[in-house]
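**Q** this one's sequence-less:
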């Protein structure tokens, strides 16, 4: 499977990473090389094999659905690039 | 005379308990060594105030007769661990300025055990790399050099700063993390010991995530005994990590008898890959002979899906990374790009991530995005997860046949020169992980032990692979190998 420039542009947008138009051909080439390497997986007979979901067989722990923590808005906001009045601030989303 | 910073954990512990040195003395010796180590670029955030405060507290505990396992031992912490109030950015510009409001469980466990944090250590960005060349701090440099050659070499990756710091005696030990070999390969490149425990042995809470089903924390130390001591202090059940195992942590150090008579060591034939350099094959043969001489039985074993571990890893890990790294959006922490007039939230995400992520991270996030995208999920991601199940089954079969541990190479070469593997050829760099990723895919513990030097005077190590949850037994095999190898070489100081 080879990745063309249009696909590279689409993947970059899906990943929310801005890639300059000039850099797309090199990116497409690198992604194609990695995917070509992955093609080896098609040689394996995986008939009847369940995809692994957990490397150690364990049941995920459960706990009561109750509030266990909170009341620390200031600490949570302390690393925000832009925080105002107890909220994270972002560019306008709704016109 | 041995300088205090050159001590092992066990050696320092003895001096501290006998009152022949203080934790403050040990810490000062390490801080002095760190201040003279800039060419190695191992410590990227120094925390001398925290270190001295903890050292004084450790001395008080020792005087009071309350000295836990790591009391007064100065250690370095890989930058991927969140440490309260101290920069923790996984060597990424996207987390520039991030000072966590909380402490990771593993570093808290170490602090509770009396360990003294000296600072944060260089690494590949988000632990993605095998050479420590992908770092916002610049590359870390191996204290080892080829004989008569000043070419700067890689300390390996991703825990390259940890490996360089321990090998250069800047600290007594360091934490690492291992997603595809990131503890074992740098340990091998720098002549130290590093263990990746069973998946679930150490809590991942507060460790900045790369690939959550593969990531494991572990110690990087100067001896197998030190690895046993430090792993015991790091490990343990943590309700804050749902994949943390709720099983007791044994006294690993007490299990080091060095007696492996009658144990069965598997030699996997698939690891003798085409083009395996003669020196790597030779050290593997030597290690095999050492274990045989120690009384173990050597058995040829087969792990038929080994060849597919690397491509499976490079589907699964980037897929998980693309999901984990979605959180870096410029909203809650770290870097946000300056926006142009009229830019909306999508431009904010795209510019922030383009500026904040380095090239290799961008590449892996995009690969992950692609293999998870509609129409390709089954062909890549699900197939890789099926192959992963087969790789795990290979190991289960071998262990069910009575094999106690598997001996294998760690990487296809000794430490290589910085810049020698071209950035434009990602697959060439990924080949470094060919012997290490299998364990992560199977969740098994593995330990790197230095065994000898190559013709150019660089350290070569071997890895032992153990049964799940039997790190104690694995460490004992490693202890036997360490005793037989008698590796005592240190890099000549040039920095």
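**A** The structure has been received and is ready for your questions. Here the structure is a predicted model, which means the values were calculated and not measured. Numbering: from 1, shown residues only, chains lettered A, B, ... in the order given.
**Q** Pick out the residue closest to the middle of the chain.
**A** This is for chain A. Taking CA atoms, centre = their mean, the centroid of chain A lies closest to residue A:15, which sits 6.8 Å from it.
**Q** actually chain B
**A** Mean-position check on chain B, CA atoms, centre = their mean. Result residue B:183 at 2.1 Å.
**Q** what ranges do the helices span in chain A?
**A** Remark: helices assigned in chain A by DSSP state H are A:5-14, A:24-38, A:73-77.
**Q** Can you lay out these as a markdown table showing mean pLDDT and mean neighbour count?
**A** Just so you know, the C-beta spots here come from the backbone N, C-alpha and C atoms, and that holds for glycine as well. Listed next are those as a markdown table, based on pLDDT from 0 to 100; neighbours: other CB atoms under 10 Å in any protein chain shown:
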| stretch | mean pLDDT | mean neighbour count |
| --- | --- | --- |
| helix A:5-14 | 96 | 17 |
| helix A:24-38 | 93 | 18 |
| helix A:73-77 | 95 | 13 |
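**Q** In TSV, list those along with distance to residue B:198.
**A** Compiled in TSV, the helices of chain A are given as follows (distance: least, CB to CB, whole Å):
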stretch	distance to residue B:198
helix A:5-14	35
helix A:24-38	27
helix A:73-77	33
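**Q** would a markdown table of those helices with distance to chain B be doable?
**A** What follows is the helices of chain A, written out as a markdown table (distance: least, CB to the nearest CB, whole Å):
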| stretch | distance to chain B |
| --- | --- |
| helix A:5-14 | 5 |
| helix A:24-38 | 5 |
| helix A:73-77 | 4 |
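**Q** closest to residue B:373 out of these?
**A** Across the helices of chain A, residue B:373 has its closest neighbour in helix A:5-14 (6.4 Å, CB to CB).
**Q** List the contacts of that closest one.
**A** Helix A:5-14 has contacts (CB atoms under 8 Å, 6 or more residues apart in numbering or on different chains) with A:3, A:18-19, A:24-25, A:27-28, A:31, B:350, B:366, B:369-370, B:373.
**Q** try 6 Å this time
**A** A:19, A:24, A:27-28, B:366, B:369-370 (CB atoms under 6 Å, 6 or more residues apart in numbering or on different chains).
**Q** Report the two of those separated the most.
**A** A:24 and B:369 (15.0 Å).
**Q** roughly how far out does the lowest-mean-pLDDT helix or strand in chain B sit from the chain middle?
**A** Of all helical and strand segments in chain B, the minimum by mean pLDDT, DSSP states H and E falls on helix B:426-430, at a mean of 79. How far helix B:426-430 lies from its chain's middle: 19 Å, per CA atoms, centre = their mean, to the nearest Å.
**Q** Which positions within that helix qualify as buried?
**A** B:426, B:429-430 (16 or more other CB atoms under 10 Å in any protein chain shown).
**Q** Helix or strand next in line after it, which one?
**A** The C-terminal neighbour of helix B:426-430 among helices and strands, as given by DSSP states H and E, is helix B:437-442.
**Q** Next SSE downstream of that next one?
**A** Next element after helix B:437-442 (DSSP H and E): strand B:446-453.
**Q** So what are the sheet partners of whichever helix or strand comes after that following strand and their directions?
**A** As assigned by DSSP H and E, the chain's next helix or strand after strand B:446-453 is strand B:459-466. Applying DSSP bridges, strand B:459-466 is found paired with strand B:405-409 (antiparallel), strand B:446-453 (antiparallel).
**Q** Turn those into JSON lines, including distance to residue B:226.
**A** Formatted as JSON lines, these follow (distance: least, CB to CB, whole Å):
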{"stretch": "strand B:405-409", "distance to residue B:226": "20"}
{"stretch": "strand B:446-453", "distance to residue B:226": "12"}
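**Q** JSON lines for those, including mean neighbour count and mean pLDDT?
**A** Shown next, in JSON lines, are the strands paired with strand B:459-466 (neighbours: other CB atoms under 10 Å in any protein chain shown; pLDDT from 0 to 100):
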{"stretch": "strand B:405-409", "mean neighbour count": "25", "mean pLDDT": "98"}
{"stretch": "strand B:446-453", "mean neighbour count": "27", "mean pLDDT": "98"}
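**Q** Run through who's touching the longest helix that chain B contains.
**A** For chain B, the helix with the greatest residue count under DSSP H is helix B:383-400. Contacts with helix B:383-400, where a contact means CB under 6 Å, 6+ apart, come from A:41, A:44, A:46, A:49, A:51-52, B:266, B:301, B:303, B:305, B:308-309, B:312, B:315-316, B:441-442, B:467.
**Q** Now which of those residues would you call buried?
**A** By 16+ other CB under 10 Å, the contacts of helix B:383-400 give A:41, A:44, A:46, A:49, A:52, B:266, B:301, B:303, B:305, B:308-309, B:312, B:315-316, B:441-442, B:467 as buried.
**Q** what's the nearest residue to the residue nearest to the centre of chain A if we skip its chain neighbours?
**A** Nearest non-adjacent residue to residue A:15, counting by CB to CB, 6 or more residues apart in numbering or on different chains: residue B:369, 4.3 Å away.
**Q** Neighbours of residue B:82, how many?
**A** 25 (other CB atoms under 10 Å in any protein chain shown).
**Q** Who are the contact partners of it?
**A** Residue B:82 sits next to B:88, B:100, B:104, B:206 when contact means CB under 6 Å, 6+ apart.
**Q** from these, which single one is nearest chain A?
**A** Within the contacts of residue B:82, the smallest distance to chain A is 7.9 Å, found for residue B:100 (CB to the nearest CB).
**Q** Check the gap between the closest one and residue B:300 for me.
**A** In this view, residue B:100 and residue B:300 are 48 Å apart by CB to CB, to the nearest Å.
**Q** more crowded one of the two?
**A** Using other CB under 10 Å, the more surrounded residue of residue B:100 and residue B:300 is residue B:100, with 22 against 8.
**Q** which bits of the stretch 101-250 of chain B sit near chain A?
**A** Within the stretch 101-250 of chain B, the positions near chain A by CB under 6 Å from any CB of the partner chain are B:101, B:199-200, B:242.
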